[in-house]
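1. starting from these lines, generate the structure:
(4 chains)
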Protein chains: 2
Amino acid sequence: MAVTLADVARRSGTSTAVVSYVMNNGPRPVAPATRERVLAAAAELGYRPNRIARALRAGTTGVVGLVLADASNPYFAALARSVERALERRDTLMMTGNAGYLPDRQRLLAERFLAAQVDGLVVVSADGGADVAALAVAAGVPSVYVHHRPGPGRVPLVSADNDAAVRAAVEHLRGHGHRRIAFLAGPHDAGPVAERRDAWHRAVSAGDLEPLLLRCEYSREAAARLTVRLIAEGAMPHAMVAATDEQAMGVLAGASAAGLPVPGGLALMSCDGTPDSAYTAPTLSVTEQPLDAMAERAVALLLDGAPESAAPAARLVPRRSCGCEG
Amino acid sequence: MAVTLADVARRSGTSTAVVSYVMNNGPRPVAPATRERVLAAAAELGYRPNRIARALRAGTTGVVGLVLADASNPYFAALARSVERALERRDTLMMTGNAGYLPDRQRLLAERFLAAQVDGLVVVSADGGADVAALAVAAGVPSVYVHHRPGPGRVPLVSADNDAAVRAAVEHLRGHGHRRIAFLAGPHDAGPVAERRDAWHRAVSAGDLEPLLLRCEYSREAAARLTVRLIAEGAMPHAMVAATDEQAMGVLAGASAAGLPVPGGLALMSCDGTPDSAYTAPTLSVTEQPLDAMAERAVALLLDGAPESAAPAARLVPRRSCGCEG
DNA sequence: CTGTTAGCGCCTTCAC
DNA sequence: GTGAAGGCGCTAACAG
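-> You can find the predicted model right below:
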């Protein structure tokens, strides 16, 4: 059905080797006249190289697998796009799979990607994921974690400098006059969120401020429910740092539903800095993760054998929800 | 490096044929004892079938390509997840590429996916895209458009019944007492947004209501800017249907920035019904597209040769922004 | 400079 | 019930 190298060779009166040399500009030289004939034949027939055959022969597919926690979460979605751009620069295709926070599904996806002979595996896992990169290692396939590394192991991790970011957020809220600054963490104590929580705790302690640790699932729904409940109980703090944008958006939704004004009644900051955070009502003050830099670094590590390097810094972006601009 | 069929055959003292029979449960029977030995050998060696080799032999990869307009847009992101789930049910992997509204990039992605020998192409294009599915057709690869079909051509399209949805939205706003109901459309007149605009126009005309057509790009930023400007000029309508959630969220952000209360000063509805729309402040009243049904239908069309059928209906979900629940 | 050919790993027809 | 062998489309020795 499809046009093959042999078809082009026949049509141009040459051999498959010559056609291959022309299509790949090497590894052997071809006479200009012959080259023209081959190119013409290829164009006429609409020849398109079969990457599957090439992959079998070359032992490399030009495809990388991305195991993602959840593309519905704007943070992970933005990260995925950054990874895609980084791969694009290397002419590499991406297979994506959403694991939905399920360790078994992470493993299943990784297995499938490995069976598909991906050249590398990028794993973006949330708290409590499986150490799926270990599977890649066992198969001799390069792998990287971005954002969070579930297991111990020697698989490299690329994440941002959460410590400095959270410290800056706490300082910023303090600058607005707040002395009781809550932190909204996730249900578990692991990964970047744990780092952010620790950083908050250190900053609050050092500043002689009053701590209040809150917890909920990483979803808008859970954060909205918690917020409504706290407001009803009169237990809502007046300043809060949310571990994730997803939670912060839930807090905003809950506050809106319960009639608590932001930033008037609650000064809120968050730690992801997704694109969406600029268009909430009110706009979210955040510490913005350098997603493009993280993705570029991860892909360089994966495909170019670049050395592991220090975490890139997050940037403070004050907007309306903390009390700025208004 | 990697373990192959031949390795397992050697280890189990059989032939590659038998190992293949065992791994695929056919097409020939294998004696139970032999089967056990093969399975044991495969497990010991950690054998994982090479899908690339299988694909070359079988002429089918078990991979579908998804050309997406923009995964940063929650509507497209949700659609992509639905497509992934529909493919998952058929044990099919997905390659994704974001075209970012650029026709040339759509074409490039389609070319690459075709070269990777995908079994099918799902194209989710925004207004003004290229007719990339035509490339697939030329290559003899099945393809479907979801949401929008750029060109003429006979490539099937799966979309929702926009007409009924918009009519319901207009009626709903009218029920809230509004007689001047604006519509926020996109910059072009094509595809589903054009359908929605037409449906709005018919509904407004039939109801003897006052029309006002507004336009802006499909981004939060553009919609927010437009909203701020209209408010400043005193030209903001009191009721509006936005063509997309993305634009509606921008309107919400603009209204919040300019101090216009929603729904008090503006009753707003939107036509996508993304998951995000339930957690804006205030929550967005929408007509919800049946994304799972659309995706399932598209994939059935693509891989199972299912017949084209009528568009599934969108559902009205009243929330706070139109004036309900309050 | 160009042609012939041997596999990459798998599946399956054909012989035993 | 099992084994040997050809070939999917491509690349890169190896000959000419």
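2. is whatever helix or strand A:T34 lives in up against DNA strand C anywhere?
-> For A:T34, the element it lies in under DSSP states H and E is helix A:32-45. Yes. Helix A:32-45 reaches DNA strand C (Cβ under 7 Å from any atom of the strand) through A:33-35. Placement of C-beta: from N, CA and C, glycine included.
3. among those, who's most crowded?
-> Most neighbours among these, by other Cβ atoms under 10 Å in any protein chain shown: A:R35, with 18 neighbours.
4. just give the nearest non-adjacent residue to that residue, would you?
-> The shortest distance from A:R35 to any non-neighbouring residue, by Cβ to Cβ, 6 or more residues apart in numbering or on different chains, is to A:V22 (5.3 Å).
5. which strands and helices sit next to the helix or strand containing the one you found?
-> Using DSSP H and E, A:V22 sits within helix A:16-24. Where contact means 3 or more Cβ pairs under 8 Å, 6 or more residues apart in numbering or on different chains; DSSP states H and E, helix A:16-24 is packed against helix A:5-12, helix A:32-45.
6. now the last one and helix A:5-12, what's the angle there?
-> For the pair helix A:32-45 and helix A:5-12, the angle between their directions (axes from the mean of the first three to the mean of the last three Cα atoms, to 10 degrees) equals 120 degrees.
7. using PDB, write out every CA atom in helix A:32-45.
-> Presented in PDB, the C-alpha positions along helix A:32-45 are these (Å, rounded to 0.1, in the frame of the first residue of the first chain):
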ATOM      1  CA  PRO A  32      24.100  15.300  -8.200                       C
ATOM      2  CA  ALA A  33      22.300  14.000 -11.300                       C
ATOM      3  CA  THR A  34      21.400  10.700  -9.500                       C
ATOM      4  CA  ARG A  35      20.300  12.700  -6.400                       C
ATOM      5  CA  GLU A  36      17.900  14.700  -8.600                       C
ATOM      6  CA  ARG A  37      16.400  11.700 -10.100                       C
ATOM      7  CA  VAL A  38      15.800  10.100  -6.700                       C
ATOM      8  CA  LEU A  39      14.300  13.200  -5.200                       C
ATOM      9  CA  ALA A  40      12.000  13.600  -8.200                       C
ATOM     10  CA  ALA A  41      10.900  10.000  -7.900                       C
ATOM     11  CA  ALA A  42      10.300  10.300  -4.200                       C
ATOM     12  CA  ALA A  43       8.200  13.500  -4.700                       C
ATOM     13  CA  GLU A  44       6.200  11.900  -7.500                       C
ATOM     14  CA  LEU A  45       5.400   8.900  -5.500                       C
END
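8. check which element follows the helix holding A:T34 along the chain.
-> Sequence order places helix A:51-58 as the next helix or strand after helix A:32-45, per DSSP H and E.
9. does that following helix reach DNA strand D?
-> Yes. Applying Cβ under 7 Å from any atom of the strand, one finds helix A:51-58 in contact with DNA strand D at A:53-54, A:56-58.
10. would you list the buried entries among those?
-> A:54, A:56 (16 or more other Cβ atoms under 10 Å in any protein chain shown).
11. could I get the residues of helix A:51-58 next to DNA strand D in JSON lines, plus columns for pLDDT and distance to chain B?
-> As requested, the residues of helix A:51-58 next to DNA strand D are exported to JSON lines (pLDDT from 0 to 100; distance: Cβ to the nearest Cβ, whole Å):
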{"residue": "A:A53", "pLDDT": "98", "distance to chain B": "6"}
{"residue": "A:R54", "pLDDT": "98", "distance to chain B": "9"}
{"residue": "A:L56", "pLDDT": "97", "distance to chain B": "5"}
{"residue": "A:R57", "pLDDT": "97", "distance to chain B": "9"}
{"residue": "A:A58", "pLDDT": "95", "distance to chain B": "10"}
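12. and DNA strand C, which of the residues of helix A:51-58 next to DNA strand D reach it?
-> A:53, A:56-57.
13. quick one: which of these is nearest B:L213?
-> In terms of Cβ to Cβ, no member of these lies closer to B:L213 than A:A53, at 53.3 Å.
14. could you report the neighbour count for A:T16?
-> Neighbours around A:T16, by other Cβ under 10 Å: 14.
15. gap between it and chain B?
-> Distance of A:T16 to chain B, given as Cβ to the nearest Cβ, to the nearest Å: 16 Å.
16. the closest residue to DNA strand D within the stretch 151-300 of chain A: what's it in contact with?
-> Nearest residue of the stretch 151-300 of chain A to DNA strand D: A:V299, at 23.3 Å (Cβ to the nearest atom of the strand). Applying Cβ atoms under 8 Å, 6 or more residues apart in numbering or on different chains, we find A:V299 in contact with A:64, A:83, A:86-87, A:90, A:122, A:144.
17. pull out the buried residues from these.
-> When those are checked for burial by 16+ other Cβ under 10 Å, the buried set is A:64, A:83, A:86-87, A:122, A:144.
18. what residue is smack in the middle of chain A?
-> A:L79 (2.9 Å; Cα atoms, centre = their mean).
19. that residue belongs to a helix?
-> Yes. Assigned with DSSP: H, G, I helix; E, B strand; the rest coil, A:L79 falls within a helix.
20. next one: the residue of the stretch 201-326 of chain A found nearest DNA strand C, what pLDDT does it get?
-> Proximity to DNA strand C, evaluated over the stretch 201-326 of chain A using Cβ to the nearest atom of the strand, is greatest for A:L303 at 20.9 Å. Looking at A:L303, its pLDDT reads 96.
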